[in-house]
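[1] Fold the stuff below for me.
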Amino acid sequence: MSDRNDWQSQVDAIALRFNREFRGEPIPLPPEVEEMPIVQERKAGLLAAKLTSPFWQLAQPKKQQRCLDIGCGVSFLIYPWRDWEAQFYGQDVSGVARDLLNARGPQLNSKLFKGVKLGAAHQLEYEPKQFDLAIATGFSCYYPLDYWSLVLSEAKRVLKPDGFFVFDVLNPEATLAENWAILETYQGAEVHLESIADWQKMIQSAGGQIAKTLPGELFQLYKVKF
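    Below is the predicted model:
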């Protein structure tokens, strides 16, 4: 298996891509990319909804459950965590997102917000069997399957025996997939177009059982039990 150093350059590239986004830094695109319909959709504010994976439709966090959002970004500010009354723990590669959430999260709800740690998904900075639910959406496509087998083993380690791991994968057959991959390349992040069949094989080889799936316009959600 690969160790931290093998993955660090990829982790750093993704951290840079999201640090720029959270700082609001525009990334200049070539004219031919600017003219792509997917870029026009993004400018019009229509793309974000197609990229969002509603993990709560497969596993809505419950009152006082301990939930770990891996690659959380600024999700505590966006999704209705306070309505769910679930304890929120986070980890992300973006120092900008970590700092923003750790500054604002306690102001929104100091009882539910338990802090965000800086780190990659294959090295979770949390204790074994700590969580009822782990979530990871919006970033699996930036890494190959062998990296994600490490992420699944980490999720299994930090989950309670009856816990669930909910995450999304890019469906390469989706209409938007190739154009979105091109756009992300110009944002500084290479996208891996792995088949759904290969994802399912990897989940099973990692000891995961697929409890439910939910297809979206670009990403497919999985609810996995170990």
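[2] wait, doesn't residue 19 sit right on residue 92?
    No: with contact defined as C-beta atoms under 8 Å, residue 19 does not reach residue 92; the gap is 10.2 Å. Heads up, the C-betas are built off the backbone N, CA and C, glycines and all.
[3] In contact with the residue positioned nearest the centre of the chain, which residues are there?
    Nearest to the geometric centre of the chain sits residue 137, at 2.8 Å (C-alpha atoms, centre = their mean). Residues in contact with residue 137, defined by C-beta atoms under 8 Å, 6 or more residues apart in numbering, are 53, 55, 71, 166-168, 219, 221.
[4] got a pLDDT number for it?
    For residue 137, the pLDDT comes out at 97.
[5] Residue ranges in this structure under the pLDDT threshold?
    Low-confidence segments of the chain (pLDDT under 70): 1-5.
[6] where do the helices sit along it?
    Applying DSSP state H to the chain gives helices spanning 4-23, 31-34, 37-43, 47-51, 75-78, 81-84, 95-108, 145-158, 177-186, 196-205.
[7] Please identify which of the ones you listed is closest to residue 129.
    Closest to residue 129 of the helices of the chain is helix 145-158 (C-beta to C-beta; 7.2 Å).
[8] partner strands of the longest strand anywhere in the chain, parallel or antiparallel?
    The longest strand of the chain (DSSP state E) is strand 159-170. The pairing partners recorded for strand 159-170 under DSSP bridges are strand 131-136 (parallel), strand 219-225 (antiparallel).
[9] mind checking how far the last one is from the chain centre?
    Going back to what we said before, that points to strand 219-225. Distance, stretch centre to chain centre, for strand 219-225: 12 Å (C-alpha atoms, centre = their mean, to the nearest Å).
[10] which outside residues touch that strand?
    Applying C-beta under 8 Å, 6+ apart, the external contacts of strand 219-225 come out as 51, 53-55, 57-59, 137-138, 152, 162-171, 196, 199, 203, 208-215.
[11] repeat for the shortest one
    Among residues not part of strand 131-136, those counted as contacts by C-beta under 8 Å, 6+ apart are 55, 59, 61-62, 65-72, 86, 89, 121, 151, 155, 158-160, 162-168.
[12] do that again at 6 Å, thanks
    Outside strand 131-136, the residues within contact range by C-beta atoms under 6 Å, 6 or more residues apart in numbering are 55, 59, 61, 65-71, 155, 158-160, 163-167.
[13] hmm, which of the residues you listed are the buried ones?
    Buried subset of these (neighbour count, 16 or more other C-beta atoms under 10 Å): 55, 59, 61, 65-71, 155, 158-159, 163-167.
[14] related to what we said a few turns ago, measure the residue nearest to the centre of the chain to residue 112 for me?
    For residue 137, the distance to residue 112 (C-beta to C-beta, to the nearest Å) stands at 19 Å.
[15] now residue 175, nearest residue through space, not along the chain?
    Nearest residue to residue 175, sequence neighbours excluded (C-beta to C-beta, 6 or more residues apart in numbering): residue 217, at 7.8 Å.
[16] Now that neighbour, what are its backbone angles?
    Dihedral angles of residue 217 (phi, psi; degrees, to the nearest 10) stand at phi -70, psi -30.
[17] All set now, cheers.
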